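Trainee: okay, sequence plus prediction incoming.
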Amino acid sequence: MRIVSVARKTLLPGFSALGLAAAAATPALAHHPLAGAPMETFAHGLLSGIGHPVLGFDHLFFVALVGIAALYSGRQFTAPLAYIATMIAGCVLMTAGIAMPVAEIVIGASLLVLGAAVLSGKALSPSLALVAFAAAGLFHGSAFGTSIAGQEGGAALAVHAGYLIGLAAVQYFVSVGAGLFVKTVLGAGEAAAVPARIAGAVVAGMGLLLTLENAEGIAFTALGIA
């Protein structure tokens, strides 16, 4: 009961704020509101890159938890860069036609695993954090790359540049911001703090739901059920 009370009073408002921000960003930042038109300018790519991570709650919650885990690893500002670097690499590979295998399954699993790690109340070592973030980044980036890879006729170099800059900037901001929020606003200075562990539980729960959904899809496909 105490944990539930703390969640309601501290952590949940923060996640609600993320959700409201994403909703507010929908009309202006996503690629979809371009009325189905292809991205043609640097600005189009930049706005789409900024919008996609905050409109997809799987990516948004994962990158926020990256910042929280990075905080307790002792690499609050540098560890998220491992995720950012490989996320960009995964995106570039996807636009070049090289997709990461079973990306959606790995993305769901990444939320579950990192969420469980933070929920445990034990800090990741700096080296383990870097490896985990980098591995996940490839698959999240591959998912982001489908926006440009699927664009009919391809996209100009300026669009690619804007998209990657937007992706990198907004995710680094969300990651570092989440760590600062948990540390300064919620006062969770240690990995074992209740607010941090609740954040892990929320993300692990989402990861579990995505994993079950992916498993259901695989099972239905194997059985020939549409």
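Mentor: Cool, the structure landed.
Trainee: and the helices in the chain?
Mentor: 2-6, 12-29, 42-55, 57-73, 79-95, 103-119, 126-149, 157-180, 194-223 (DSSP state H).
Trainee: pLDDT weak spots in the protein?
Mentor: The chain contains residues with pLDDT under 70 at 1-37, 150-155, 226.
Trainee: center of it - which residue?
Mentor: The chain has residue 59 as the residue nearest its centroid, 2.5 Å off, counting by C-alpha atoms, centre = their mean.
Trainee: what's the burial count for the nearest residue to residue 124 once chain neighbours are set aside?
Mentor: Leaving aside its chain neighbours, residue 124 sits nearest to residue 73 (4.8 Å; criterion: C-beta to C-beta, 6 or more residues apart in numbering). (Each C-beta comes from the backbone N, C-alpha and C, glycine too.) Applying other C-beta atoms under 10 Å, we find 21 residues neighbouring residue 73.
Trainee: any idea which of the helices of the chain gets closest to residue 186?
Mentor: When these are compared by C-beta to C-beta, helix 194-223 sits nearest residue 186, at 4.2 Å.
Trainee: picking up where we left off before, the residue nearest to residue 124: what's it in contact with?
Mentor: By C-beta atoms under 8 Å, 6 or more residues apart in numbering, the residues touching residue 73 are 79, 123-126, 128-129.
Trainee: are any of the residues you listed buried, and if so which?
Mentor: Neighbour counting with 16 or more other C-beta atoms under 10 Å marks 79, 123-124, 129 as buried within these.
Trainee: picking up where we left off before, nearest to residue 39, of the contacts of residue 73?
Mentor: residue 79 (30.7 Å).
Trainee: now do that closest one against residue 42, distance only.
Mentor: Residue 79 is 29 Å from residue 42, where distance means C-beta to C-beta, to the nearest Å.
Trainee: quick revisit: of all the buried ones among the contacts of residue 73, which two lie farthest apart?
Mentor: With distances taken as C-beta to C-beta, the most widely separated pair in those is 79 and 123, at 11.3 Å.
Trainee: quick one: common contacting residues for those two?
Mentor: 69, 73.
Trainee: quick check: residue 178 vs residue 111, distance?
Mentor: According to C-beta to C-beta, residue 178 stands 14 Å off from residue 111.
Trainee: I misspoke; the intended subject was residue 164.
Mentor: Counting by C-beta to C-beta - residue 164 and residue 111 are separated by 23 Å.
Trainee: and residue 137, what does it touch?
Mentor: Contacts were defined as C-beta under 8 Å, 6+ apart; by that measure residue 137 touches 82-87, 89-90.
Trainee: among the residues you listed, who's most crowded?
Mentor: Taking other C-beta under 10 Å as the neighbour criterion, residue 87 ranks highest of these with 31 neighbours.
Trainee: surely that one is in contact with residue 170?
Mentor: No - Residue 87 lies out of contact with residue 170 (C-beta atoms under 8 Å); the separation is 11.3 Å.
Trainee: count the neighbours of residue 212 for me.
Mentor: Residue 212 - counted by other C-beta under 10 Å - has 12 other residues nearby.
Trainee: again but with residue 187, I slipped
Mentor: Neighbours of residue 187 (other C-beta under 10 Å): 11.
Trainee: ok, it - contacts?
Mentor: So residue 187 contacts 193, 195 (C-beta under 8 Å, 6+ apart).
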